[in-house]
Structure formats: structure tokens, C-alpha cells
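1. missing the sequence, but the structure's below:
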């Protein structure tokens, strides 16, 4: 059997957006797909409004749990500014899926910094990205009644983008989310898959 | 079955399968989840102690009965426990005793990045260092055996990137109680071995030195250390998480992977020297292996190539290795086609080869929606997102009032260190756990014209705040200490403490009331406050700060993240709001500056209504009292 090609992911957002759950799902999907996997996250300050960032690696044999700048295949940005912050980690031509959602950080609210507009962020992303997909995941999550579902909407898009069998993803989601939220999460994932088709 | 566990969960699992029945510790990022995960296993007993020294003393007692036990703490906690650690190295242990320590290179949530491997040489005990979850579990078992074989405590050292990374390992399908407590008829008394009086301690020191010699001998062949043959051009010495980065960067090198960070072998290094042309040590933080190798007279490079400060990652190791000529320069990869935008702004022209900053590569006018020739924003220019006190946090009103009173605030370690963050800027010093109270007394002895005050959290108060508070009373001090009592150890993820009223197992236990402790110490001016009572907070704090007698204020409000207290968010009356900026000064993330007014983010807001009470124009209307829905 040929060696598995490595796939690196960065998930970046703000506390409360479901970033960690999404990365937990992603790393389990890799393991079930036959990869060696590792996942690293920095979440100590997440509840205090700070950035949350999680890195997932799939490969034949994975040593480092953290990704290397300029080597990442997929960037999932749960918030526009956080997505832009990580763009340099993508390999030239890597894919980015970005939630069109703004959470102004403290320096912006205090008036000492400016939140870049969408055009500026898109321009920055395009210095590196091969395929940039904007998604209104926060709106979809709100429609479904839970803001934390945005992450699973984005995973649906990612799974479809990667051309992967979605049943495996749904199985992992079922295992990882509390029973009473399974249906909602399946629905959110399905909405993401649909969006990819529409694109 | 194969399961993904974090390094911390794996260390706990390793203790469970090593027949360890007891775990004690004090919470501290990134170590906290070790004991939490262990407490979930059947048949084990776990306790949070008020501080790391107490935890280690309790662990020592358990070990003295012959039971296996481990003790958890973060790196700076070892300093607190060090007095006891040094002693038990001399007296020795009976049941296996492992101190599981998590270091924080990069200081993700710590005040320093000390390297716990030094405690091996300093305290004269073995240190093991796993590099992934599978090793985390295996090394805990190995450390227990090592501890019992040589009758010494053993440190198991993790780091943030191991503790908080999930990697796969084989675990048992079904969890059953593994530990059977021993029936102990009578304590096995051995004062000659358990009292380090000088006459005993002199003998003990020689025994300890002999143990280190014996363990170093064992290190030559033990499974913890591993020679991984590869090319003869380069021999890499590494351990733990640094080994993983080095493996990515030097796929063809010969490796000496150290699992026992102290004591170090001798012959293994000579063997490595015989196998390779050049030895390079890749170690995060201090050059411990490098110095050892050089003392053996073996030429080795290390810190002349790799940084001394901060956390490593593959990129740093690769960049340094490339600069030193150890690996060839990597060919830059290039974007193969023009970028595609889905569901975005107007499609744009190609922007170079995707190799980075876009400057120069971008054709004029390429940037969608921006003027031709405008500089493209760089990631480093993006506004930062520093952490701040949570929405609804009961600490906020205290810091806001202290800031208004222009108080000089001696802070401490916990969530409330964020009182130092802008726009509150209401904490001015911070050191070790409980230090602020003592530092304040020192400043007040000399006397400064500012209003001075110390703030300390409830868990930190029980950890290290009580002795310096007793000191203020005893030495006729004049200081005011505010205890921010949110009823839980919040920063590390809500562990109960002696003030909470329940144990780690969730069993009810008497609460120690901080105000009663203060009164028992001899403080006569003691007040308990609801931080959300704005007028009362102003009155009481002013009174205490201006009074010449020593005093204690207990500002009590349970952590809203822990109690999940949440109400409908207040609304902003656009007629009345003129964006005067007052509410933005309380430093609450959901309050968003919209230019001519503010807006409140409904996802982030907890509905505490503190902004309602500070607004001078009554423009923020509570959903609780202003007629809105509950």
C-alpha cells in the first residue's frame, strides 16, 4: 500500500464557537480513516475571550502535534480576523473556509485598533490561498438555534471539499456530541455539505 | 482499542493501569487535567490539596504506608513543594511516588518557563520525560517501578504541548477497579530512615548519591532511553516533545532519544559518538543534556544553534538547523493556479505565486474593494485578541472601582491577574502565589502616598495567602487585603478548594469562611461585599483604603462560568447613548463600539447588567428590570 499523504489542518476562532469540538471530530475522522493522527490546542484563555486555535495532523506517521508554517492544507476560520491571523500557515494554494463573522477584539472596542474590512481580509487571504470559501456559518447556526453549531457546518463543507465519505464523519459526530444534540449536529453538518454542492 | 487521549489523560491512564490507588495535587495549567482524568477511574481516591507542598506531603504519607501514589502540579508548583521534595529524597519512599509536573515552555499561562528537569540534579532524583500520550501512560508505569526499586520519588515531566495534545494509544476496552488497598495492621516504624536528623541525614546523603550512580548505570540499558540508528552524518540527542520536532526535521539522522532526563547515562553518549560524525542536541529550554555531553568530553552543539528561550516547534527547529547548515534549504513551493473565491467579494486577479506577503507580486488594482496600490495588510498588523475578564465576572466591579479610586493594586495569580489588562489597568504588581499580600505589607512599612491594596483570589488565599495575612496582623500592619471570592479555583477550570464546601469527589464538606479566618487572625475591620452593589462597593472600599487599621474585604460572587448564570442581555437605547465611552472602560468583551453608539453582543453577554449600572445616561436598559423579557 502506498504511504498516506499528510494532511494538516488549522482551526482558528474565539472561545464559545465550537472550535475545539470541531477539531476533536476532525482528528477522530483521521484516525478512523486509517491515518496516524495528532492534535494540539491552546485553550487556556479561551473562556476569557482570547483566541482559540487547534491544529490537527493526519499522516502515515505523525511526529509533531503542531503544524509547520507554510505547510498546512486546510485552514478553517471560525471568525474572520482569526482566519486572517493564520493565513501564513497555509501552503501556497492551500484551502481556506472562513465563517463570515466578526467578533471585534478588545483593542478594536477600545478604539486603539481597527477591524479590517472584508475586502482587506480577502485580499490578505488571497496572497496565499488556492481556494477561499466564505460561509455564513454563524447565521446557519443561529437558524438551527445554537451558535456553537457553526463549527460543524464548516466541517460539513470541509468533508465535501475533501471529497470524503460523509457517513464516517457523521458516525464520529454521533459518538462525540451528547445524545440530545446529535440530530442538530447532523443537520448542521448536512447544511455544510449542501453549501459545498451549491458552490 | 486505540483511543485518542491528551497527554494529561494518558498520564492518568498510566497511573490507573500501574495499580496506583491514590492521586493528589493542586490545579495549575497545563497539569490540571491529569488528576481530573484520574479521578474518573474506578477504585481510586483523589484529592485537591490547598497547595502543592501539602499535596506532596499527603502523597508522602500514602507512600509511607506502602501504597503507590502520584502527585500533580505545574512547574512553579514544584518550587512550593520543593522543601518537602528535598526531604523525601533523603528519607526515601516505600510505595511508588511519582510527582507529575507539567512545564509551560512559551508561557501560555504561566509567569515563567523554568525547566523542571533541573530538579533532577538539584533535588537528586530521577526525572522521566515522555514525548507523546502512549509514552505518557507507559512512563508513569516505569516511573512507579523506578521509584520502588530505588526507593526514591520520581518526577514525570510533561510540557504544555504534550499535556494538551491528543495522540493515539492502546487502552483497555473495559475499565474495572484495578487497585486493591492493602490492609495495614501497624505503621512500619523506622525513625532512622524517616527522620533526617543530622546523624541520619549524613548517611542518607551518601545513600542518595549512591542511588544516582546506580540509576545512571541502569540508564545505560533501560528501555526509557533508545538509540535509533540512522545516517552517520548526524547524531541527534533529544527527549520529550523536542524529539518530535527533531524527528520531522532530521528524518535521516541517528537519534539518541532520552526518556530518562536525569540521571543521564555515560556510555550511551560514547556509543553515539562512535556512530556519527557530529552530535547535535535539540532540547527545549535549558542546555541540560548538552552540558552533560560536553562534560564527558564529547563535542556537541546545541544552544549555539537552537534558542534558549521559548517554546520550540518544527518551524523553529528547521529554521535554526537550516541556518546552521544541518539540513538543506527547502525549495519554496508555489501555487499552481490562480486562487478561486467562493461566495466572496468580486473575483480578483492573480496575486503572485502564493508565496507570502503579496507585496510586489500583486498587480495594481488586484485588491478587491481597496484602492489600487494599497498596501496589503499583513497578519502581524492584525489587531490582537488578548484575554480579559469574562462577561459577568464578579471581579470586574472591584477592579473598576479600584481604578476609579486610583489605588495601587498588588495583584496575585488567577483569573483576576487580568485586572491588569486594559482598559481596567487596575493591577500593578504580580509575583508568585500569595506573594502580593506580603509585598503590600513591605510597601506599607515604608509608606507611600498612594492608596494601596492587595487583591487575591479564594484559592490563592488558601494556597499561600494566609501566612502573609497573619503577618500583617502580627506585625501591626496597616494594609487592606481584598479577597476576590468566586467560590472556586476558576482559572484552571473550576476545581473546588477549602472555601467551596465540597471535595473533589463532589462530597459536601464544611466551608472555611475567609472572613472568619481574618477575624481569627485578629482583624477587626472585616467586610463581606456583593461586587455588583456599585454604591456599597465604592463606600466600603473607600472606607477601608482610607482607614489606618489593617482590614480585609471579602468580595463574594460565584464564578458565572461555573454556575452558568446567564440572563437576557440589556439593550442599548440609541436615543440616549452618545457613545461617551464609560461602559467601554469596564473592559467587557460583548460591549461593541459602533462609532456613535455601543451594541451588546447577545452570544457573549451574560446579562450581569454591570454596564447598566455604570452608564451615566441610563442608555443601557436591563432586560431584567427594564421591562424586557427575563
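-> Received, thanks. Computed from a predicted model, the values in this text were never measured in an experiment. Residues are numbered from 1 along each chain as shown, chains lettered A, B, ... in the order given.
2. show me the helices in chain A, by range?
-> A:19-32, A:80-85, A:106-109, A:118-126, A:137-144, A:150-161, A:166-176, A:182-198 (DSSP state H).
3. actually the stretch 251-400 of chain B, not the one I typed
-> B:267-275, B:288-295, B:314-323, B:395-404 (DSSP state H, counting those that start in this stretch).
4. can you give me the domain boundaries for chain B?
-> Listed by automatic domain parsing, the domain ranges of chain B are B:2-219, B:226-323, B:395-563, B:571-621.
5. got CSV for those domains, with mean pLDDT, mean neighbour count and distance to residue A:134 too?
-> Where you see a C-beta, it was placed from the backbone N, CA and C, and this is true even at glycine. What follows is these, written out as CSV (pLDDT from 0 to 100; neighbours: other CB atoms under 10 Å in any protein chain shown; distance: least, CB to CB, whole Å):
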stretch, mean pLDDT, mean neighbour count, distance to residue A:134
domain B:2-219, 97, 21, 29
domain B:226-323, 98, 20, 28
domain B:395-563, 97, 20, 32
domain B:571-621, 93, 18, 20
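6. so for residue A:144, which of the ones you listed sits nearest?
-> domain B:571-621 (13.9 Å; CB to CB).
7. compute the first-to-last residue distance for that closest one.
-> 5 Å (CA to CA, to the nearest Å).
8. and stretch B:427-437, by the same measure?
-> Using CA to CA, the end-to-end distance of stretch B:427-437 comes to 13 Å.
9. which other residues reach it?
-> Defining contact as CB atoms under 8 Å, 6 or more residues apart in numbering or on different chains, one finds that stretch B:427-437 is touched by B:51, B:76, B:79-80, B:111, B:399, B:408-413, B:416-417, B:419-420, B:439, B:454-456, B:460-461, B:463-469, B:471-472, B:479, B:481.
10. please name the residues that touch the residue most central in space within chain A.
-> Geometric centre of chain A, nearest residue: residue A:76, 3.0 Å, by CA atoms, centre = their mean. Contact analysis of residue A:76 by CB under 8 Å, 6+ apart lists A:9, A:10, A:11, A:12, A:22, A:83, A:96, A:97, A:151, A:154, A:155, A:158.
11. equivalent analysis for residue B:532, please.
-> Neighbours of residue B:532 in contact, by CB under 8 Å, 6+ apart: B:394, B:397, B:557, B:608, B:609, B:610, B:613.
12. ok, those residues vs residue B:519, which is closest?
-> Nearest to residue B:519 among the contacts of residue B:532, with distances taken as CB to CB, is residue B:557, at 20.9 Å.
13. for the closest one, which non-adjacent residue is closest in space?
-> Taking CB to CB, 6 or more residues apart in numbering or on different chains as the measure, residue B:557 lies nearest to residue B:394, with 2.8 Å between them; neighbours along the chain are not counted.
14. distance of that neighbour from chain A?
-> Separation of residue B:394 from chain A (CB to the nearest CB, to the nearest Å) stands at 14 Å.
15. surely that residue touches residue B:562?
-> No - Residue B:394 is beyond contact range of residue B:562, at 11.1 Å (criterion: CB atoms under 8 Å).
16. scan chain B for its longest helix.
-> The residue-count maximum for a helix in chain B (DSSP H) belongs to helix B:198-219.
17. beta partners for the residue nearest to the centre of chain A?
-> Beta-bridge partners of residue A:76, counted by DSSP bridges, are residue A:11, residue A:97.
18. quick one: the helices in the stretch 401-550 of chain B?
-> Under the criterion DSSP H, counting those that start in this stretch, helices of the stretch 401-550 of chain B are mapped to B:435-446, B:458-460, B:466-474, B:514-521, B:534-546.
19. which one, of the ones you listed, ends up nearest to residue B:336?
-> helix B:458-460 (54.6 Å).
20. what is that closest one packed up against?
-> strand B:480-485 (3 or more CB pairs under 8 Å, 6 or more residues apart in numbering or on different chains; DSSP states H and E).
21. give me that answer again for 6 Å
-> Counting contacts by 3 or more CB pairs under 6 Å, 6 or more residues apart in numbering or on different chains; DSSP states H and E, helix B:458-460 packs against no other helix or strand.
22. need the contact partners of it.
-> Among residues not part of helix B:458-460, those counted as contacts by CB atoms under 6 Å, 6 or more residues apart in numbering or on different chains are B:412, B:413, B:414, B:433, B:434, B:485, B:489, B:497, B:499.
23. quick revisit: nearest to residue A:121, of the domains of chain B?
-> Among the domains of chain B, if distance is taken as CB to CB, the winner is domain B:571-621, at 18.0 Å.
24. close to chain A, is the closest one?
-> Yes - Domain B:571-621 lies within reach of chain A by CB under 6 Å from any CB of the partner chain, at B:584, B:589, B:592, B:593, B:603.
25. just put those residues in CSV and tack on secondary structure.
-> Converted to CSV, those look like this (DSSP: H, G, I helix; E, B strand; the rest coil):
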residue, secondary structure
B:584, helix
B:589, coil
B:592, strand
B:593, strand
B:603, coil
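26. how much space separates the nearest residue to residue B:425 once chain neighbours are set aside from residue B:345?
-> Spatially, and ignoring its direct neighbours in sequence, residue B:425 is nearest to residue B:403 (6.6 Å; CB to CB, 6+ apart). Per CB to CB, to the nearest Å, residue B:403 is found 42 Å from residue B:345.
27. also residue B:588?
-> 32 Å.
28. select the longest strand from chain B.
-> In chain B, taking DSSP state E as the definition, the longest strand is strand B:231-239.
29. what's the next secondary structure element after that strand?
-> Beyond strand B:231-239 on the C-terminal side, the first helix or strand identified by DSSP states H and E is helix B:240-249.
30. quick one: that next one near chain A?
-> Yes - under the criterion of CB under 6 Å from any CB, chain A is reached by helix B:240-249 at B:244, B:245, B:247, B:248.
31. next one: stretch B:410-424
-> Yes - using CB under 6 Å from any CB, stretch B:410-424 reaches chain A at residue B:423.
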